[in-house]
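Colleague: Need coordinates for the following:
(chains A and B, ligands or ions: 1)
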Amino acid sequence: MSNEALTLSEQILSHAMGRPVRAGDLVIVEVDRCMSHDSLTPEVIDSFRNELKAERVYDPDRIAIMIDHVAPAASVATADAQVLVRQWAREQGIRQFYDVGYGVCHVVMIEEGLVSPGEIAFGTDSHANAYGAVGAFGTGVGSRDMALTMATGRNWLRVPETIRVDVRGRFRPGVVPKDLSLYLCGLLGLDGARYQTVEFHGLDWLDLDGRETLCSMTTELGAKAGIIPPTGPAAAGWDVPEWLVVQEGAAYARTIVVDLDELTPQVARPYATDNVAPIAEVGEVPVDMVFIGTCTNGRLSDLQAAARILDGQHVAPHVRLLVIPASHRILAEATADGTLATLLAAGATLGTPGCGPCIGRHMGVIGAGEVCLSTGNRNFRGRMGSPDGRVYLASAETAAVTALAGVITDPTGL
Amino acid sequence: MATIWLFGDDVDTDQIVPGRYAPYMNSEAELAKYPFIEARPEFAQEVQPGDIIVAGTNFGCGSSREYAPRALTAVGVAAIIAPSFARIFYRNALNLGLRLFEIDIRDQVADRRQVELDLARPALLVDGQWIELPSPPGWLREAWDEGGIIQYYLKHGRLPLEEDA
Ligand code: SF4
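Modeller: Below you'll find the model as predicted:
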């Protein structure tokens, strides 16, 4: 065992620093990529202009701006805020500007290749952890941190400890990466990885979609980052720096072993993402709405999985099935391959690519007493609308069978 | 005198300010009406400048929304005392100069208890007894005292840990 060995986070931050850094060190790093979306960019602009009195961003080509959180605008207030964001981005020469309809920020970042293995990426969004799917160190920050980063190109970080998740075996039919994420949420709790990175091993075979689900959901563990080594078929064609390799003997805060052969579909019940149970223990829960979408599970493979289940059938009476592809590209692909037609024939209704009702602002918020099964990542009280609504979180597969049955249903029983 | 507002574990940002009440959705001027608007509606009506939140573990978990801590500073919350804070909330509070103290004092206070906070020391006077509050190490404390990282940067012309230019 070599005490020189570093975790993936330590490697990325060491590379940025030009010297070895270790968990616990406080460092100032240059930030390779910044992502900011419509919801928080107005505050970023305010701090950038009025507090920092900054004029130019450090590098417009390292910054991406997305309009996804209320897209298209739902009110005069949001429309006005978007006008401000568009004007500012133009003024700053930010060409990576993804307006209404492109899709959810994190999904677009990865789809468009705006973040690469080994990079440090900040997003004004807690689910920036998703960029670990391509082997980047992605982390969420608030508006002032983003303003400072956009003005100076750098910011401080504490090098995180790492929890290693060793995954064995393969998913059984009907069980998917979302179930692994929810299982970890139940196991570790809302702060189980607070200030830490979650590093996944044994998933060389996993596709990019699954990687995005796993990395983005590490946010629900309180993690600073989630990362999967950029190796295996999914990583073919990626530009992986030669210094970014798994080093055996790196120091992990703890190691968790999960055997996928034993994993069953999982559900997070209201009102916390760690209130998780195997679906068999959830009981008979009637639903009013099923929502397939978000940065966690609104990708093509999720829509396809739902379409396979819904093919030739119709959602239960009194159930609304809302489908929001996570990006325009996914919408186009789902249109081209017939997935969308199958979903629409089954009774689905379609929303503009973006966050939709995930954050409870528009396009399908729930009312008092309503129950929604969502493929998203948060079910805190009031998250998707009324504080007296109830949100359950599960996979797209579970969502589809639930839409058919009208009650939360196990997709492996098909 | 200040009033203690006692909360439990895992107070999430959707409780502090639901996404529907963001400045983006309404207006900046409204923000002071919204802290805990659904989770504890009397809070925004009765909280006084200088009041203190005492909570359990992982305060502020969830979103990166800086308007959550900003809603608390908008009503004058002087400090939050909890055994642990979620990481983005911690950074945001630091950037706003909102003082956080990582210590569990839930057993020593009660909801609505009148106390006195001495930020300079820092310590909290409860029923005639001072409870010492831990300060963050080094430059974090300095940045906090100066009103946040942005203020620190403006004052020093550099980020913490960097050499003077
Ligand atoms: S889809 Fe939901 S979780 Fe993802 S970025 Fe949008 S609001 Fe956040």
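
Colleague: Which element, helix or strand, includes A:Asp302?
Modeller: If you go by DSSP states H and E, A:Asp302 is part of helix A:300-310.

Colleague: What pLDDT is listed against A:Asn3?
Modeller: In this model, A:Asn3 is scored at 67, pLDDT.

Colleague: Could you tell me which residues of chain A lie near the ligand?
Modeller: Taking C-beta under 6 Å from any ligand atom, the part of chain A that reaches the ligand is made up of A:69, A:104-106, A:125, A:127, A:294-295, A:355, A:358-359, A:376-377. C-beta here means a position set from N, CA and C on the backbone, and glycine is covered the same way.

Colleague: ok so, going back, now do the buried residues in the helix holding A:Asp302.
Modeller: Neighbour counts over helix A:300-310 (16 or more other C-beta atoms under 10 Å in any protein chain shown) mark A:Leu300, A:Ser301, A:Asp302, A:Leu303, A:Gln304, A:Ala305, A:Ala306, A:Ala307, A:Ile309, A:Leu310 as buried.

Colleague: quick one: average confidence on the helix or strand following that helix?
Modeller: With elements assigned by DSSP H and E, the helix or strand that comes after helix A:300-310 is strand A:320-323. Mean per-residue pLDDT for strand A:320-323: 98.

Colleague: if you go through chain A in chain order, where are the helices?
Modeller: A:8-17, A:41-46, A:76-91, A:105-111, A:143-152, A:177-188, A:208-217, A:294-297, A:300-310, A:328-336, A:339-345, A:396-405 (DSSP state H).

Colleague: With respect to A:Arg381, which of the ones you listed lies nearest?
Modeller: The closest of the helices of chain A to A:Arg381 is helix A:177-188. By C-beta to C-beta, the value is 16.7 Å.

Colleague: Give me the angle between the closest one and helix A:300-310.
Modeller: Here helix A:177-188 runs at an angle of 100 degrees relative to helix A:300-310 (axes from the mean of the first three to the mean of the last three C-alpha atoms, to 10 degrees).

Colleague: tell me the mean pLDDT for helix A:177-188?
Modeller: 98.

Colleague: anything in it near chain B?
Modeller: No - Helix A:177-188 stays clear of chain B (C-beta under 8 Å from any C-beta of the partner chain), getting no nearer than 11.9 Å.

Colleague: Please apply the same query to stretch A:31-44.
Modeller: Yes - interface with chain B: stretch A:31-44 contributes A:Asp38, A:Ser39, A:Leu40, A:Pro42, A:Glu43 (C-beta under 8 Å from any C-beta).

Colleague: Ok, stretch A:98-106 next?
Modeller: No - counting by C-beta under 8 Å from any C-beta, chain B is not contacted by stretch A:98-106; separation bottoms out at 11.6 Å.

Colleague: Please apply the same query to stretch A:376-386.
Modeller: Yes - Stretch A:376-386 reaches chain B (C-beta under 8 Å from any C-beta) through A:Arg378, A:Phe380, A:Arg381, A:Gly382, A:Arg383, A:Gly385.

Colleague: and stretch B:24-32, how far apart are its ends?
Modeller: End-to-end distance for stretch B:24-32, by C-alpha to C-alpha, to the nearest Å: 14 Å.

Colleague: Apart from its neighbours in sequence, what residue is nearest B:Trp139?
Modeller: Residue nearest to B:Trp139 in three dimensions, not counting chain neighbours: B:Pro160, with 3.9 Å by C-beta to C-beta, 6 or more residues apart in numbering or on different chains.

Colleague: residues near residue 13, how many?
Modeller: Went with chain A since none was named. Counted by other C-beta atoms under 10 Å in any protein chain shown, the residues lying close to A:Leu13 total 25.

Colleague: my bad, the chain I had in mind was chain B
Modeller: B:Thr13 sits with 28 neighbouring residues when counted by other C-beta under 10 Å.

Colleague: Under the pLDDT cut-off, which ranges of chain B? List them.
Modeller: Applying pLDDT under 70 to chain B flags residues B:164-165.
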